[in-house]
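Chemist: I'd like to go over a predicted model; first the sequence, then the structure.
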Amino acid sequence: MTRKGRRLILIGVALAVVGAAAGLALYSLSDNIVFFYSPSEIVQKNVQAGARLRVGGLVEPGSVVKAAGEKLDFAITDGANQIKVSYQGLPPDLFREGQGVVAEGVLEASGEFRAETILAKHDERYMPPGMVEMLKKQGRWQEGNAKP
Amino acid sequence: MIVEIGHYALVLALAVALVQTIAPLVGAWRGDRALMGVASSAAIGQFALIMVSFGALAWAHMASDFSVLNVAENSHSAVPAIYKLSGIWGNHEGSMLLWVFILAIFGALVAVFGRSLPATLRANALAVQGLIGVAFLLFILLTSNPFERLWPAPFEGRDLNPILQDPGLAIHPPLLYLGYVGFSIVFSFAAAALIEGRIDAAWARFVRPFALVAWCFLTLGVAMGSYWAYYTLGWGGFWFWDPVENASLMPWLAGTAFLHSVAVMEKRDALKVWTIFLAILAFSFSLLGTFLVRSGVLTSVHAFASDPRRGVFILAILALFIAGSLALFAWRAPLLKQGGLFAPISREGALVLNNLLLTTTCAAVFFGTLYPLALEQVTGAKITVGAPFFNMTAGVLLLGVFFVTPFGFSLAWKRGDLLGVAQRLSLALAAGFLVFVALIAVVRGGPVLAPIGAGLAIFVIVGSLSEVAARVWRKGASLSVAFARARGLPLSFWGGALAHMGAGVALLGLAATGFGAETIATMRVGVPLTVGPYEAVIDSVGERAVANYDEVVATMTIRSHGQTVAVIEPARRQFPARQMATTQAGIATLDFGQVYVAVGDPNADGTVPTRLYWKPLVTLIWLGACMMALGGAFSLTDRRLRFGAPVRAKSAATAAALAAR
């Protein structure tokens, strides 16, 4: 085979692989991006039901109801608005009333949020992405006194 | 006093690193042997000084000297000794010190074992290594000083983060850093080759052992991190496509590609520029990982603190080294003598395909990891790119890598015979296809990727074995001849076979997760529950006070057909010092599968919320990774690859073995 032919094969294969990768990426990107909202943003931006998203805020004190079959209902609040969340399963270790939480799932037509995953605040130095900034915006963020 | 000595040693190390950067560069440029010679002494000196510094911090942690801020914030007098020790790197400052310590170890290794290297190559490589040291020592001294004092000293420390109080902390970070930072040497040699404008097969022989060492440790480090996350998070997952995990996967992918392309360079004197590029890429991804994890752009359990100055500083280092090395690459790479092209159907052709697939996989992971960060910077929209994206892109591409693997391993150099290889692999192809069809038939409507993965895994495992058989056994040969042949095969061949088999074994474990079972239930003491082929029952729930935490323990029996096969103790731990709770999963390893149980806080009526998983063959994931690392170690001990050692036949037996190659 000539030098040119070999080079063409190499370039052809490279283009095919890169093209396939780009195709896969674009195809799966359209379905698998999840946006993060606060309860207020869901109200203001009129988010469509059925969309997959993340909601972050504080667990509304007094809203947590545990039901049979590991069902868990609670509300996420950002101070201004709140959204009802239902979840099936065990909440994470640090899930508590008044604590930061991020729920990932689907917004239902009833306006309730069906969570599939719940992420909770780990300690004062760990918060799920998006939480800190949101709380800061609302002036509810207190800088952790990391230094004793 | 000891703490101040540690700090002072670190400042001295910076000074030495500066000398290590400048003197050898000037020496190599002017051809001054004396100046070039400075490199080795400086590298060893830098190593000794950082060792003193690291020792001082270790002392402060072991002695629970709470007048040191780092100790006061991350330790507690009641913590067991192993967590006092591993607490050294269980925080930002200490882990950066470990980072530069390992950097210095690799520099010293080149200084000690690289005596047979060409003088200018060694001088330039050590100079680049010194420059990396300068950057990170400056970073530590200016933004992350682990020796900062605290006055007045508190009586008690704030305790190590409970999530980190695990033997995993003693193992995972050092292994991972040995891998991450080990690629710095490969990078330094690549930069040195570019500075000299010369590269040859000898370069590949010098660099390959270092790349292998780094790759073995990185493999183990990633696997260990995954196992730690698996048993500690209580979710039963072992890979979340979390940016922090991706940060360790990207250098691994680039490093794996490098190992394969450097083999082509060594054997066939081709792919030179590409190999250099991969060397730069692998370490750039290590730096990117350091940036992602250490700068605070991500919030995760790995990002200990978020001081914005640190992020900017690491970003500057990242930009300096990546842009600098790529500029050097663009400027000098055209000077490198191009190797020949080769036939597409040949081992080198297959390795090129492997490289293409691995680097595009890496690109997909890179895109998915950084796209959300970039988008947030540009538009302010907050998004996450989840596991499905990575499975569809990186996952599918990796399956492609697995399909090519046995072909590449069986093809001959120069001009391969695809038909012959297909014949040789016919058994493997048949076995893989059979497994695929059988699984599809058994589980209809399940995830498609799992049967495909399992089929490919069998193909790779059997394919590696049949290549071994083909090399060892010829028709009509006696057993003793076969044995002699097996002994005559180079260790690097055995290493390759073992590593490829390990990859197949790991893939089999991954694919098997598609056939597991998961149950979430509120369990009552004494009432059994089915999980996969087993039955689980809580015998009792009790409380226990341990050194620095209290725990609620559920004692659980796992039964199979009425027979007790295991007793596990899933628990919830409460750490009073930080007011935190952690989940301790109960895991029963049954053959290669595991029953995995996590419990929640018991309810008032004595029932226990429980999450149970049956994970068939799950241990194969980590066993496979260990096999891969072991394969790498085998290749490393091959005397042909021994660093700079001249080939010497010691006895008739080895001479015969060498001749047989």
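Modeler: Done, it's in.

Chemist: how is chain A carved up into domains?
Modeler: Domain segmentation of chain A under automatic domain parsing yields A:1-32, A:35-137.

Chemist: Which of the helices and strands in chain A ranks last by mean pLDDT?
Modeler: helix A:131-137 (a mean of 58; mean pLDDT, DSSP states H and E).

Chemist: Quick check: phi and psi at B:Asp269.
Modeler: phi 60, psi 30 (degrees, to the nearest 10).

Chemist: Over to A:Ala75?
Modeler: Backbone torsions of A:Ala75, given as degrees, to the nearest 10, read phi -130, psi 140.

Chemist: Also A:Val106?
Modeler: The phi/psi pair for A:Val106 (degrees, to the nearest 10) is phi -120, psi 140.

Chemist: about what we covered before: turn the domains of chain A into TSV, columns for mean neighbour count and distance to chain B.
Modeler: All C-beta spots, glycine's among them, are computed from the backbone N, C-alpha and C. TSV is the format used below for these (neighbours: other CB atoms under 10 Å in any protein chain shown; distance: least, CB to the nearest CB, whole Å):
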stretch	mean neighbour count	distance to chain B
domain A:1-32	14	4
domain A:35-137	18	4
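
Chemist: Including distance to B:Ile140, could those domains go into a markdown table?
Modeler: Shown next, in a markdown table, are the domains of chain A (distance: least, CB to CB, whole Å):
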| stretch | distance to B:Ile140 |
| --- | --- |
| domain A:1-32 | 37 |
| domain A:35-137 | 20 |
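
Chemist: ranking those by mean pLDDT, which is last?
Modeler: Comparing mean pLDDT across those, the lowest value falls on domain A:35-137: a mean of 78.

Chemist: from the middle of its chain, how far away would that one be?
Modeler: 9 Å (CA atoms, centre = their mean, to the nearest Å).

Chemist: what's the answer for stretch B:360-377, then?
Modeler: The answer for stretch B:360-377 is 20 Å, by CA atoms, centre = their mean.

Chemist: Any buried residues in it, and which?
Modeler: B:360-372, B:376 (16 or more other CB atoms under 10 Å in any protein chain shown).

Chemist: Just the C-alphas of the strand or helix carrying B:Phe291, formatted as CSV.
Modeler: In the assignment (DSSP states H and E), B:Phe291 maps to helix B:272-294. Presented in CSV, the C-alpha positions along helix B:272-294 are these (Å, rounded to 0.1, in the frame of the first residue of the first chain):
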residue,chain,number,x,y,z
LYS,B,272,6.9,9.7,18.2
VAL,B,273,5.1,13.0,18.1
TRP,B,274,1.8,11.4,19.2
THR,B,275,3.5,9.7,22.1
ILE,B,276,5.0,13.0,23.3
PHE,B,277,1.6,14.6,23.0
LEU,B,278,0.1,11.9,25.1
ALA,B,279,2.8,12.3,27.7
ILE,B,280,1.8,16.0,28.0
LEU,B,281,-1.8,15.1,28.0
ALA,B,282,-1.6,12.6,30.8
PHE,B,283,0.1,15.0,33.2
SER,B,284,-2.1,17.9,32.1
PHE,B,285,-5.1,15.8,33.1
SER,B,286,-3.4,15.1,36.5
LEU,B,287,-3.0,18.9,36.9
LEU,B,288,-6.5,19.4,35.8
GLY,B,289,-7.6,16.9,38.4
THR,B,290,-5.6,18.7,41.1
PHE,B,291,-7.3,21.9,40.0
LEU,B,292,-10.8,20.5,40.1
VAL,B,293,-10.3,18.8,43.4
ARG,B,294,-8.2,21.4,45.2
